[in-house]
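Enquirer: Build me a model:
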Amino acid sequence: MDINIAIGIVGLILAYLGVAYARKTFKKDHIEKPNENKLHLQASFMATRKLSQDLYNELHEFATRKNYFDEQMWPGVTYRIYMQELLNSQNSNLSEEVLKNTLSLELPEMSIQSMSKSLDDQFNALMLVRNELKMKSHSL
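Expert: Residues are numbered from 1 along each chain as shown. Got it, this is the predicted structure:
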């Protein structure tokens, strides 16, 4: 066998291995990673929606028991107004349809991470309100 043919065959094998490695890396970084991030996005979405629904129910029960619907939660915000905003958010931003439409999109990883961060921030804000409500419930 001629040395040039042997070098050519080795070169082809190395090129094939390089392409196979590049495909595997691309798949891992651009196909599997966004899918993992979409699962995290879905979990964050569902947890935030559930917390929002639970908080609405807790606020409704508290406001009914104390007759606080028109009392101020914060300056300029009554329990009734805040509860209505929770419902609006649940129906527009946290609906099953929004989740389904979002998950069906081919989103870049950065967009998925940004949405997850936003949901995590919203979840934390709802937890603060829930904790504040629990403190008020126990003190009144």
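Enquirer: now the strands: where do they sit in the protein?
Expert: Under the criterion DSSP state E, the chain contains strands at 72-74, 77-78.
Enquirer: Turn those strands into a markdown table, including distance to His40.
Expert: C-beta coordinates here come from the backbone N, C-alpha and C atoms, glycine included. Output for those, formatted as a markdown table (distance: least, C-beta to C-beta, whole Å):
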| stretch | distance to His40 |
| --- | --- |
| strand 72-74 | 31 |
| strand 77-78 | 31 |
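Enquirer: Can you say which of the ones you listed is nearest to Asn57?
Expert: strand 72-74 (15.8 Å; C-beta to C-beta).
Enquirer: Listing partners with orientation, what would you give for the closest one?
Expert: The strands beside strand 72-74 in its sheet (DSSP bridges) come out as strand 77-78 (antiparallel).
Enquirer: Output the strands of the chain in CSV; the columns should cover mean neighbour count and mean pLDDT.
Expert: Formatted as CSV, the strands of the chain follow (neighbours: other C-beta atoms under 10 Å; pLDDT from 0 to 100):
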stretch, mean neighbour count, mean pLDDT
strand 72-74, 14, 94
strand 77-78, 14, 96
